[in-house]
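In: the following block contains a protein sequence and its predicted model.
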Amino acid sequence: MIEAQELTKRYGRTTAVDRLTFTIRPGHVTGFLGPNGSGKSTTLRLVLGLNAADSGRVTVDGRALREHRRGLRHVGASLDANDAHGGRSARDHLAALACSNGLSRRRVGDVLAEVGLESAARRRIGGFSLGMKQRLGIAGALLGDPPVLIFDEPFNGLDAAGIVWIRGLFRRLAAEGRTVFVSSHLLSEMAQLADRLVVIGRGALIADETVEEFAARGAAPSASLEDVFMELTADRLDHRAGDTK
Ligand SMILES: Nc1ncnc2c1ncn2[C@@H]1O[C@H](COP(=O)(O)OP(=O)(O)OP(=O)(O)O)[C@@H](O)[C@H]1O
């Protein structure tokens with residue numbers, strides 16, 4: 001379970017995350033939606049302890065992440081498909097990750113098979129397509145077999161078969177009782193994948209509810225998830241995207 005309470009992060013005069021309170025439950029896939037620049041990536045970095053909050057608190061299973069000793073055994077994440085060293089092979093990258101986190105190297109073969117990269121295991125990551133890098137990022141997140149999983153825009157670069165695969169994988173991970181928190185701007189994907197949604201605009205909470213509850217907010221009975229999203233975020237479309245990251 002991930003719980004954020006009044007979480008706030010500022011960059012200069014920009015409030016990237018604004019008193020954000022939400023709960024991400026185990027056994028569900030929770031989609032994290034918001035317009036460009038609304039603070040999704042910043043929030044995920046706060047959850048993972050990669051950035052410090054200015055105020056508020058976020059806990060994973062009751063503790064701040066830095067207080068967890070089990071590291072990748074407790075929380076696995078893939079935030080940026082391009083952050084693996086391009087000169088390494090997929091196998092070496094995962095072996096290094098396993099080694100630096102005190103995990104068995106035997107897991108490397110398991111997760112490569114899980115994400116369908118066995119045949120590319122010895123190839124340099126620099127030559128991978130974006131979809132292959134996404135699969136590698138997911139493999140890294142699964143390495144410690146953790147109960148909590150966090151993915152930032154994992155659908156980017158995946159082809160149709162990859163999207164079907166990832167949907168099945170995330171659903172299975174949730175069915176195993178894990179907490180699965182997935183940011184995306186692909187609303188149609190979320191409609192098919194997620195049980196619950198956390199929606200933000202300009203860093204502030206708009207919704208934390210089931211997909212059905214969110215869909216029912218539409219002004220017209222036949223409103224699609226996209227229609228509801230546009231209605232609710234219309235006055236929170238962010239024009240901060242040009243700010244320096
Ligand atoms: N390191 C940083 N320094 C300064 N401003 C930042 C930094 N990181 C993020 N921001 C700003 O904080 C706001 C939220 O950015 P963030 O990347 O979290 O949004 P996002 O919802 O993930 O966006 P997108 O969907 O476009 O990836 C933006 O205005 C962004 O410019």
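Out: Received the coordinates, thanks.

In: quick one, what contacts Thr43?
Out: Each residue near Thr43 by C-beta atoms under 8 Å, 6 or more residues apart in numbering is listed here: 4, 7, 9, 17, 20, 32, 200. All C-beta spots, glycine's among them, are computed from the backbone N, C-alpha and C.

In: quick one, grab the pLDDT at the fourth one.
Out: Per-residue pLDDT puts Val17 at 97.

In: that one and Gly203 touch, don't they?
Out: Yes - counting by C-beta atoms under 8 Å, Gly203 is a contact partner of Val17 at 4.6 Å.

In: common neighbours of the two, please.
Out: If you check Val17 and Gly203 against C-beta under 8 Å, 6+ apart, the residues they both contact are 9, 39, 42.

In: check which helix or strand the last one maps to.
Out: Secondary structure here is read from DSSP states H and E; on that basis Thr42 sits in helix 40-47.

In: now the element after that helix, going C-ward?
Out: Following helix 40-47 in sequence, per DSSP H and E, is strand 55-60.

In: tell me what that next one is packed against?
Out: The elements that strand 55-60 packs onto, with contact taken as 3 or more C-beta pairs under 8 Å, 6 or more residues apart in numbering; DSSP states H and E, are strand 2-11, strand 14-24, helix 40-47.

In: can you list the strands that the helix or strand that the second one is followed by pairs with?
Out: Same thing as strand 14-24. Using DSSP H and E, the helix or strand that follows strand 14-24 in sequence is strand 29-33. The strands that strand 29-33 pairs with in its sheet are strand 179-183 (parallel), strand 196-201 (parallel) (by DSSP bridges).

In: how is Asp208 assigned, secondary-structure-wise?
Out: strand (DSSP: H, G, I helix; E, B strand; the rest coil).

In: hmm, I was thinking of Trp165
Out: Here Trp165 is helix, with the state taken from three-state DSSP.

In: hmm, back to that, let me know the closest of the shared contacts of Val17 and Gly203 to the ligand.
Out: Thr42 (3.3 Å; C-beta to the nearest ligand atom).

In: what is the neighbour count of that closest one?
Out: Thr42: 23 surrounding residues under other C-beta atoms under 10 Å.

In: could the strands paired with strand 29-33 go into a markdown table alongside mean neighbour count?
Out: Output for these, formatted as a markdown table (neighbours: other C-beta atoms under 10 Å):
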| stretch | mean neighbour count |
| --- | --- |
| strand 179-183 | 24 |
| strand 196-201 | 24 |
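
In: now distance to the ligand too, for the ones you listed, in TSV please.
Out: Shown next, in TSV, are these (distance: least, C-beta to the nearest ligand atom, whole Å):
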stretch	distance to the ligand
strand 179-183	7
strand 196-201	7
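
In: I'd like those written out as JSON lines, with mean pLDDT added.
Out: Shown next, in JSON lines, are the strands paired with strand 29-33 (pLDDT from 0 to 100):
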{"stretch": "strand 179-183", "mean pLDDT": "97"}
{"stretch": "strand 196-201", "mean pLDDT": "94"}
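
In: can I get those strands in JSON lines including distance to Glu67?
Out: Shown next, in JSON lines, are the strands paired with strand 29-33 (distance: least, C-beta to C-beta, whole Å):
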{"stretch": "strand 179-183", "distance to Glu67": "17"}
{"stretch": "strand 196-201", "distance to Glu67": "23"}
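
In: centroid-nearest residue for this protein?
Out: Geometric centre of the chain, nearest residue: Phe151, 2.3 Å, by C-alpha atoms, centre = their mean.

In: I'm done for today, thanks for sticking with me.
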